[in-house]
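Novice: Got a predicted structure here, sequence first:
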Amino acid sequence: MRLSDSIIETAVAVSDLPRARRFYEQQLGLTPGEEEEGISVRYPCGGGTRLFVYLAPDNAGSATGTVAGWFVDDLDAALDELGDRGIAFERYDMPGLRTDDRGVFDAGRFRAAWIRDPDGNTFALTQRAV
C-alpha cells in the first residue's frame with residue numbers, strides 16, 4: 001500500500017459542533033455525509049475528498065497555518081457566493097503575502113483567498129491560472 005495512492009481527508013477540530021455545522025453547512029454550503037451525533041461530521045467534497053469536522057475543544061483553532069483548501073474554477077464567483085452568505089475574507093500584508101481590498105492574493109500562477117471558521121481554523125480557496 002502506498003499512501004500516494006490512497007484517499008486523504010483533512011480533520012478539523014472544533015469547540016462547538018452545532019455552531020461549526022451552521023458555519024460549514026449554511027455559510028459554506030457543504031452537505032453533511034457520515035456523522036456521529038454530537039461528535040463529528042464528514043462533508044464530501046470533490047474527487048472523493050472529505051472534510052472531517054470533530055469535537056475537540058482543547059485542540060480547536062490551535063493550528064497556526066492553513067488547515068485545508070479548496071481548488072475552485074472561479075475564485076471571484078466563489079467569493080461573491082460566500083460573501084452573500086456572510087463569510088469574511090482574511091486580509092494579509094506581510095512579506096510574500098499581500099492581499100487586495102477584497103482579500104485576494106495574486107501570485108500570477110494562482111489566485112487565493114482565505115477564510116476562518118468560528119474557531120479560527122483557516123481555509124484557502126485557490127484558483128489556478130489557466
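Specialist: On my side now, so go ahead.

Novice: Every contact and neighbour count from this point should use C-alpha atoms.
Specialist: Noted.

Novice: Could you work out the end-to-end span of stretch 34-53 for me?
Specialist: 11 Å (C-alpha to C-alpha, to the nearest Å).

Novice: try stretch 75-91
Specialist: 16 Å.

Novice: Contacts for it, please.
Specialist: 26-28, 72, 98-104, 111-116, 125-127 (C-alpha atoms under 8 Å, 6 or more residues apart in numbering).

Novice: pLDDT of that stretch, averaged?
Specialist: Averaged across stretch 75-91, pLDDT comes to 97.

Novice: mind listing what's buried in it?
Specialist: 75, 76, 78, 79, 82, 87, 88, 89, 90, 91 (16 or more other C-alpha atoms under 10 Å).

Novice: just the strands in the chain please.
Specialist: 10-14, 35-36, 40-44, 50-55, 66-71, 93-94, 97-98, 105-106, 110-116, 122-128 (DSSP state E).
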